[in-house]
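> Provided below are the primary sequence and the corresponding predicted coordinates.
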Amino acid sequence: MKARAHVVSVGARTSLGQTALQTAMLYRAGCAGLAAAPLLDLDGDQVTMCFVPTLPPLLVGWERAVQLAVPALDEALAPLAGLVDGSRVQVSMCIDERYGTAGRGSADADAGAALAAGISDLVQQQLPGASLEVTARGNASAAVALGAGIASLEGRQRDALVLGAVHSDYDPPWIQDLSEKGRLFKPDNLDSFIPGELAVFLVLMREDVMRRAGLAPLAGVASVASGHETATPDNDKSAYDAKGLTHTVRDATAILVEAGLSAGWAITDLTFEQRRMHEWQSMLIRTRKVWSDPYVVESPAQRMGNLGAAAMPLGMALAATGWRCRSAPAPIAVVFAGSEAGTRGAVVLATP
């Protein structure tokens, strides 16, 4: 099975660790990032959240998200110093879909524009001349961005792709909105999720560029696919239908079926919300031949909080770091996620 691109570097800042390695090892050890945040819900109760404690507690919203991205971007780009021409690098930044679906002039739209501008400034400081594209499709953003980014590598328009994502629920108005909708985790509300925040960046290259730069692969990206699910939180369609996620996973894993291989590791964006759990169950039944016996299913959001647009980049980083440290449960992983509006994405990765 030939890799379409290789992950050569990763960086992360999460509620578990200050680096990708710390995050992966503490996650593998069973740690959780839950804490009482200095934010209140509509009932006046402190919010249980997975947040980065090293950031100032009064820093919120898009400004917090930009600061969250700084160390993760620095970590991911450190191995590239002096090895790549910025004008030959594509930066694909994934952000939460509320920034992209908000009407022009709204607070969310303004925050999204400010976040994109802040990330662009950070990128230009380290990679002058790099082009930046922003995808605001929530949890499945990376699948959309990765498909186009890998095509640019294969077409030799770019030598390197920096896939990044930043997500933060640490924002009082957003917390109030989630509380009003009854989606915040509390002892008496289990069909919900724990808010979270994190930033993740990965650098991908073609094999010839990677070898020329003297870098070693951490993981190979074999395929990527995206699709659309009709059931959303805003309608009454059954999540058990799961045609969108099933089609997406089948499309991504077709390369495994053709090669007579199977995946032993699934990394999901599942929280505790039942609608997505039902969708996932239906998909697993319909794609049973894709999975090894046994196989491992992991849902980092259940210990690291809602992952938002960083869901798939985090899954890819956990897989790459796991193989690097020989702590991964299987040599082939499928990372999949779904956005609120229905976009679904999946990517197949393999150990080098």
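It's in. Only a predicted model underlies this, so the values are computations on that prediction, with no experimental measurement involved.

> okay, CA-based contacts and neighbour counts for the rest of this
Will do.

> tell me which helix or strand in this structure has the weakest average pLDDT.
The weakest-scoring helix or strand in the chain, judged by mean pLDDT, DSSP states H and E, is helix 98-101 (a mean of 82).

> who does that one touch, helix- and strand-wise?
Using 3 or more Cα pairs under 8 Å, 6 or more residues apart in numbering; DSSP states H and E, the elements in contact with helix 98-101 are helix 107-126.

> quick one: residues in contact with the least confident helix or strand of the chain.
Helix 98-101 is contacted by residues 108-109, 111-113, 136-138 when judged by Cα atoms under 8 Å, 6 or more residues apart in numbering.

> repeat that for 10 Å
With contact meaning Cα atoms under 10 Å, 6 or more residues apart in numbering, helix 98-101 is reached by 106-113, 115-116, 134-138, 340-341.

> any of those buried? List them.
108-112, 115-116, 134-138, 340-341 (16 or more other Cα atoms under 10 Å).

> any chance of the residues you listed in TSV, plus distance to residue 39 and pLDDT?
Output for the buried ones among the contacts of helix 98-101, formatted as TSV (distance: Cα to Cα, whole Å; pLDDT from 0 to 100):
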residue	distance to residue 39	pLDDT
108	19	87
109	23	88
110	22	90
111	19	92
112	22	91
115	22	94
116	25	93
134	29	95
135	28	95
136	25	94
137	26	93
138	23	94
340	24	93
341	27	93
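
> in the protein, mark out all the strands, start to finish.
With strands called from DSSP state E, the chain shows them at 5-13, 34-40, 46-50, 89-94, 131-135, 160-168, 197-205, 219-228, 263-267, 291-298, 332-338, 343-350.

> so which of the ones you listed gets nearest residue 72?
Among the strands of the chain, strand 5-13 comes nearest to residue 72, with 4.4 Å by Cα to Cα.

> partner strands of the closest one, parallel or antiparallel?
strand 197-205 (antiparallel), strand 219-228 (antiparallel) (DSSP bridges).

> most packed of the ones you listed?
For those, ranked by mean neighbour count under the definition mean count of other Cα atoms under 10 Å, the leader is strand 197-205 at a mean of 29.

> quick check: mean pLDDT across that one?
What strand 197-205 shows for mean pLDDT is 98.

> sorry, back to before: in CSV, list the strands paired with strand 5-13 along with distance to residue 15.
Output for the strands paired with strand 5-13, formatted as CSV (distance: least, Cα to Cα, whole Å):
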stretch, distance to residue 15
strand 197-205, 7
strand 219-228, 24
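
> nearest to residue 61, out of the ones you listed?
strand 197-205 (10.8 Å).

> what's the angle from that closest one to strand 89-94?
150 degrees (axes from the mean of the first three to the mean of the last three Cα atoms, to 10 degrees).

> got the CA positions of strand 197-205 in PDB?
The C-alpha atoms that make up strand 197-205 are tabulated as PDB, following Å, rounded to 0.1, in the frame of the first residue of the first chain:
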ATOM      1  CA  GLU A 197      -9.300  23.300  23.600                       C
ATOM      2  CA  LEU A 198      -6.200  22.400  21.700                       C
ATOM      3  CA  ALA A 199      -4.000  23.200  18.700                       C
ATOM      4  CA  VAL A 200      -2.300  20.600  16.400                       C
ATOM      5  CA  PHE A 201       0.000  21.000  13.400                       C
ATOM      6  CA  LEU A 202       1.400  18.400  11.100                       C
ATOM      7  CA  VAL A 203       3.900  18.700   8.200                       C
ATOM      8  CA  LEU A 204       3.400  16.400   5.200                       C
ATOM      9  CA  MET A 205       5.700  15.900   2.200                       C
END
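
> how far off strand 46-50 does it point, in degrees?
If you take the same axes, to 10 degrees, strand 197-205 sits at 20 degrees to strand 46-50.

> what distance separates strand 197-205 from the centre of its chain?
Relative to the chain's own centre, strand 197-205 is displaced by 8 Å; criterion: Cα atoms, centre = their mean, to the nearest Å.

> now do it against strand 160-168, angle only.
On the basis of the same axes, to 10 degrees, strand 197-205 is oriented at 170 degrees to strand 160-168.
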